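1. Pasted the sequence and its predicted model underneath.
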Amino acid sequence: MSIQISAQHVKKLRLKTGAGMMDCKKALQESEGNFDKAIENLKLKGLASAGKKASRRTAEGIIESYIHAGAKIGVMVELNCETDFVARRAEFQELSRNIAMQIAACPQVEYIDVESIPLSLIEEERRLEAGKDDIVNKPEGVKKQIIEGRIKKRLNELSLLNQAFIRNPDISIQDLINQNISLTGENIKIRRFVKFLLGEGIDKSGQDFSEEVASLIKS
């Protein structure tokens, strides 16, 4: 007898893979509710549409801009798809606006994904963590585990695709893109982005610039 799978789990798998609802339910039943195994099963069957399209060329798209209220934070992002037809669709343009707003709302985000983060930065973060007082005297195995956990958390903070979507924190930006891949039938990728913060790099004596940016975003 197949196990009972909740609609919430089916929906989560669909958002993650872009596969059909019944295919997601069946994959979860076959994997006895194991989410990672269900994803793997869908990929093996060629049903995870986002995964299938990931290698397809994206040469079309749009450049979206967003200026936050008060005109002190600005973002430009290039979002790519496969055809100009999809680039002109309202859903694709809404996605690009949402991503631009997400970038503006995440002061720590500097890279598109974890894979884009330079190895030199990762090693520097690892060195800094290794020297912190709260772990310096711990056993080597425990110390290594704590460091790697903190590094993973830090890399996720720097990665745009790993951020919880500001309009629906139950999904990540990667999940949001996967939804739109399923909707449009085309591969979609964030190619690059740039943030502009008014006064960045200018000496502001007596002010904490990071706190200022955070207050601007909340305003």
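-> Perfect, thanks for sending it.
2. going forward, measure contacts between C-alpha atoms and count neighbours the same way
-> Will do.
3. per-residue confidence for the residue nearest the centre of the chain?
-> Among the residues of the chain, the one closest to the centroid is residue 161, at 1.4 Å (CA atoms, centre = their mean). At residue 161, the model reports a pLDDT of 95.
4. Is it located within a helix, as I assumed?
-> No. Per DSSP: H, G, I helix; E, B strand; the rest coil, residue 161 lies outside any helix segment and is coil.
5. Pull up the gap between it and residue 140, please.
-> Applying CA to CA, to the nearest Å, the value for residue 161 to residue 140 is 32 Å.
6. And for residue 41?
-> 38 Å.
7. Look at residue 152 and say how many residues are nearby.
-> 13 (other CA atoms under 10 Å).
8. ok, so what distance separates the closest residue to residue 41 other than its chain neighbours from residue 39?
-> Distances taken as CA to CA, 6 or more residues apart in numbering place residue 27 nearest to residue 41, at 6.3 Å, with adjacent residues excluded. Distance, residue 27 to residue 39, by CA to CA: 8 Å.
9. picking that back up, tell me the predicted confidence for the residue nearest to residue 41.
-> Confidence score, pLDDT, at residue 27: 85.
10. Same check on residue 216?
-> 58.
11. what's the offset of stretch 114-132 from the middle of its chain?
-> Put simply, stretch 114-132 sits 19 Å off its chain's centre (CA atoms, centre = their mean, to the nearest Å).
12. Would you agree residue 80 falls within a strand?
-> Yes. Remark: residue 80 belongs to a strand, assigned using three-state DSSP.
13. hang on, the earlier thing: the more surrounded of residue 41 and residue 140?
-> Each of residue 41 and residue 140 has its neighbours counted (other CA under 10 Å); residue 41 has more, 20 against 11.
14. List the buried residues for the helix or strand that one falls within?
-> For residue 41, the element it lies in under DSSP states H and E is helix 35-44. Using 16 or more other CA atoms under 10 Å as the test for burial, helix 35-44 gives 35, 38-39, 41-43.
15. In terms of model confidence, name the weakest of those residues.
-> Out of those, that is residue 43, at 68.
16. need the contact list for the spatially closest residue to residue 83 that is not a sequence neighbour.
-> Leaving aside its chain neighbours, residue 83 sits nearest to residue 60 (5.4 Å; criterion: CA to CA, 6+ apart). Counting by CA atoms under 8 Å, 6 or more residues apart in numbering, residue 60 makes contact with 80-84, 87.
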